[in-house]
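1. One predicted model, sequence on top.
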Amino acid sequence: MNRAGKDGNGQPRIGVYVCHCGTNIAATVDVEAVREYAEGLPGVKVSRAYKYMCSDPGQELIKEDIRASGLERVVVASCSPSLHEATFRRATAEGGINPYYFQMVNIREHDSWVHTDVAEATAKARDLVRAAVHRVRFHKPLERARVAINPAVMVVGGGIAGIHAALTLANAGKKVYLVEREPSIGGHMAQFDKTFPTLDCAACILTPKMTEVRSNPNITLWTLAEVDKVDGYVGNFTVTVRHKPRFIIEEACVGCMECIEACVFRRGKSPDEFNLGLNMRKPIYISFPQAVPQVVVIDQEACIEFRTGRCKKTCVEVCADRNAIDFTQTETFDTVEVGAVILGTGFKTFDPRRVPSYGYGVYDNVYTSMEVERLVNASGPTEGHVTLRNGRTPQTVGILHCIGSRDVNTNEYCSRVCCMYSLKLAHLLKEKTGAEIYNFYIDIRAAGKGMEEFYNRVAEEGVHFIRGKVADVYPEAGKTGRVVLQAEDTLLGRVRKIPVDMVVLATGLEPQADAEAVRRTFNITCAGGGFFMERHPKLAPVSTFTDGIFLAGCCQGPKDIPDTVAQAGAAAAEALALVDKGFVEMEPNTAYVVTEECSGCKTCIPLCPYTAITRVDGKAQINPVLCKGCGTCVAACPSGSIRQNLFEDEEIYEEILGVLADA
Amino acid sequence: MPEPTENPQGSAADGWEPRIVAFFCNWCTYLAADLAGTSRMKYAPNARVIRVMCSGRIDPQFVMEAFAHGADGVLIGGCHFGDCHYQSGNHKALRRFRLLQRVLIGLGIEEERIRLEWISAAEADKLRDVMNDMVARLKALGPLELRVPAEGFPELEALEEVTA
């Protein structure tokens, strides 16, 4: 084994650059002291401090010193390598030496921002710089390998995010696989009636995009499908998709819906999922009139043929020579190769049963906002007439904001859309019923284009606003069928009890129930709250820490339709920029075998998760294309004959010695 | 949650501060430390972080080397099970850690001096708490006192020659 200092390549000339980052570093770390200290370290020829190393003049310092002072190694102590490692490697290369002759020291995120004592923070910065100076001597010149990219893209989730991303990519001429688990694309947006603040009809603006997906020759649309497995890496993912049986041959079905009419069930007996169970549907059904694809689906759980095998199969009769119904369909799998993946897997709404005091599921006239979306919708269960479960039209309606949002007992975050959709529902309910409407709110959050104006408009329409959170919902005395909303009006400073015919719970947005499983399948990270984590909250909002996987829409966090579409467009653009380039450069941190030292013991072979190691002529051999550079084989090799580029044993030993060597 | 204090026992008084070498994986724990930074959380400044791509890269010899050169504690940070960027590197890290811990105990190094924690990229608060907690425990333990032979530890090459 090569140990620290025993196999160094001489004493190269090193340049050290310590960044002030304005006051971000300089306020806590004595930058000048660190610079001065670095100057005295062996091999250091140039040591400078600069206000912003990442700026053009900062980078120019490095390039100029390489040229003028013949620097052979560069160390920059500044922010996290996840931010600017690439910047400084590029500057190093532009100065004329190999970009991997560079080492970055994180003295901002790991030091100045997390400590307050200047002496201690400065000591830490000195230790870290010293370790980097030790380490960088052992760096070797490396080349980035180029791997061809598969230009196809997979979009997971067929809501407005997925639809918009898929169309953008397809219009750019890229092959797109759009995978949706429900029988139709459209997502939550298809369930909405109008959209705030402009009151466009959701179906009117969504349906054309849905049919465009169907007709675009570059898009392969897979509904009732889920991603089962993802292998590979950026540019070359292998995705296995599981198709659930529809029991309908999609190509043969013309969407005439005669089978639904003909079904032996006179009336539906299964809750209609699209209408949130407000009405019943038959075992053979179409999710909603504008569904794409316009193809029916059979619910295996409810269909008599599946349950007893003795149905008259009137549906098959009426389908006649189209022969679209196939009871023998089973789960099938498809495996496709794609270069990038966009996740637009959306959200679920908060289940208000988790807060029993709101009486959801107990009192008939307590509804969720999604249910009300369907009630006010012309294609909904009541054809747009706002009729309560007891058949009456409400005269008074209470809309309760922040259900499952801004509450330490449920979700701490603001779901961002509830204020505005509550205002929209208030407007629609008022328009349709003339009812008195009471909004119980904590704050009205009407940020964004046209939002505050819409709030003012709804207020002028005579909708009441009560600043206070409803503490209790209970039935009014005397069997009136109404419930009383009790809340402290924090502006009046007293408790109010308002009897209403209908309660609307403005439920918040949560990650999908299986977000955790999806996250694991795609090897990405979840932020607090369970939404998928973006690479950088400001500067890489649609990228993830896994190259080639992008995010769009509410899977990344609650947002409204305009923001979702904007983000989906951004994700499509990022994916396009990636696959259109034609190749991807791989980080050269792969492992390799020093064949003469390999004893052929085979310890490494089963450790590799990518089967990159094989035994050839009694010696281990690593396929650099398959190796992803985790280094687990390197740590396990008993003879030390497996090495890892960028993380060579001596480089790490030098770092250990470096941080521990006393000042 | 412990208060985000630095050096709860004060450094000037006794003059001794535990030195921790931390090995963090690139994808979870290193990013958690970045997030702690961007969130401006405050924690004890005793650890020096060395970045590796995966906790599976951490050779037990790295840990031995750190102790041999004056570390009072070694912290290893990786991804939670099921979250490993390389599928299962963290499982391998755990396997080696268990064995290493036994070896260290055999050498008279208290088991609290080496710590393995799964800290995801979102768990900055956990990172802060682990850092503070480890410093507090090491302070209670005191400096690592290895009985170093007068001529120093034998060089590894020499040992390899013996075993060859």
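-> Thanks, I have it.
2. Could you pull out the helices in chain B for me?
-> Per DSSP state H, chain B carries helices over the ranges B:29-38, B:60-68, B:89-106, B:124-141, B:156-163.
3. Pick the most buried one from those.
-> Burial of the helices of chain B is given as mean neighbour count (mean count of other CB atoms under 10 Å in any protein chain shown); helix B:29-38 ranks first at a mean of 25. Any C-beta I mention is one placed from the backbone N, CA and C, and that applies to glycine too.
4. any residue of that helix up close to chain A?
-> Yes. If you take CB under 8 Å from any CB of the partner chain as the test, helix B:29-38 does meet chain A, through B:L31, B:A33, B:D34, B:A36, B:G37, B:T38.
5. Please enumerate residues in contact with that helix?
-> Contact with helix B:29-38 is made by A:80, A:82, A:106, A:108-110, A:113-114, A:525, A:545, B:24, B:43, B:49, B:51, B:55, B:77-79, B:117, B:119-128, as judged by CB atoms under 8 Å, 6 or more residues apart in numbering or on different chains.
6. same question, stretch A:651-663
-> A:3-5, A:37, A:123, A:126-128, A:130-135, A:137-139, B:19, B:21, B:48, B:50, B:52, B:59, B:62, B:65-66, B:69-71.
7. Stretch B:102-118 now?
-> Outside stretch B:102-118, the residues that reach it (CB under 8 Å, 6+ apart) are B:28-29, B:55, B:60, B:63, B:67, B:72-81, B:83, B:90, B:93-94, B:97, B:100-101, B:126, B:130, B:134, B:137-138, B:141, B:144, B:146-147.
8. And that stretch, end to end?
-> The straight-line separation of the ends of stretch B:102-118 (CA to CA, to the nearest Å) is 20 Å.
9. now do stretch A:245-254
-> 18 Å.
10. Then stretch A:285-304?
-> End-to-end for stretch A:285-304, by CA to CA: 14 Å.
11. Stretch B:107-120 too?
-> OK, stretch B:107-120 end separation, CA to CA: 32 Å.
12. Give me the buried positions along that stretch.
-> By neighbour count on 16 or more other CB atoms under 10 Å in any protein chain shown, the buried set for stretch B:107-120 is B:I109, B:R113, B:I114, B:R115, B:L116, B:E117, B:W118, B:I119, B:S120.
13. Looking at the residues you listed, which one is closest to A:A302?
-> A:A302 lies nearest to B:S120 out of those, by CB to CB, at 41.2 Å.
14. these two touch, right, that closest one and B:H80?
-> Yes. Using CB atoms under 8 Å, B:S120 makes contact with B:H80 at a distance of 5.6 Å.
15. Now the common contact residues for the two.
-> B:C28.
16. show me where pLDDT drops low in the chain?
-> Looking at chain A here, since you left the chain open. A:1-10, A:663 (pLDDT under 70).
17. Chain B, not that one
-> For chain B, the ranges with pLDDT under 70 are B:1-14, B:148-149, B:153-164.
18. do that again at 80, thanks
-> B:1-15, B:146-164 (pLDDT under 80).
19. Which phi and psi values does the residue nearest to B:H69 when sequence neighbours are not counted adopt?
-> Nearest in space to B:H69, with sequence neighbours left out and distances taken as CB to CB, 6 or more residues apart in numbering or on different chains, is A:L660 at 4.5 Å. The phi/psi pair for A:L660 (degrees, to the nearest 10) reads phi -90, psi -20.
20. What is the neighbour count of A:L660?
-> By the criterion of other CB atoms under 10 Å in any protein chain shown, A:L660 has 20 neighbours.
21. With A:V316 instead?
-> The number of residues packed near A:V316 is 17, by other CB under 10 Å.
22. and what of the one 3 residues further on?
-> Other residues near A:C319 come to 22 when the count uses other CB under 10 Å.
23. Pull the contacting residues for it.
-> A:E258, A:C259, A:I325.
24. what is the last one paired to in the beta sheet?
-> Note on A:I325: beta-bridge partners by DSSP bridges are A:I248.
25. surely it meets A:I260?
-> No. Counting by CB under 8 Å, A:I260 is not a contact partner of A:I325; they are 11.6 Å apart.
26. any common contacting residues for the two?
-> What both A:I325 and A:I260 touch, as defined by CB under 8 Å, 6+ apart, is the set A:C315.
27. which one of those two has more residues nearby?
-> A:I325 (23 against 18).
28. My reading is that A:A566 lies in a helix. Confirm?
-> Yes. Applying DSSP: H, G, I helix; E, B strand; the rest coil, one finds A:A566 inside a helix.
29. Next, count neighbours for it.
-> 14.
30. From chain B, how far off is it?
-> 24 Å (CB to the nearest CB, to the nearest Å).
31. for A:V176, same thing?
-> 27 Å.
32. Which single residue in the stretch 1-150 of chain A comes nearest to chain B?
-> Among the residues of the stretch 1-150 of chain A, A:E109 lies closest to chain B, at 2.9 Å counting by CB to the nearest CB.
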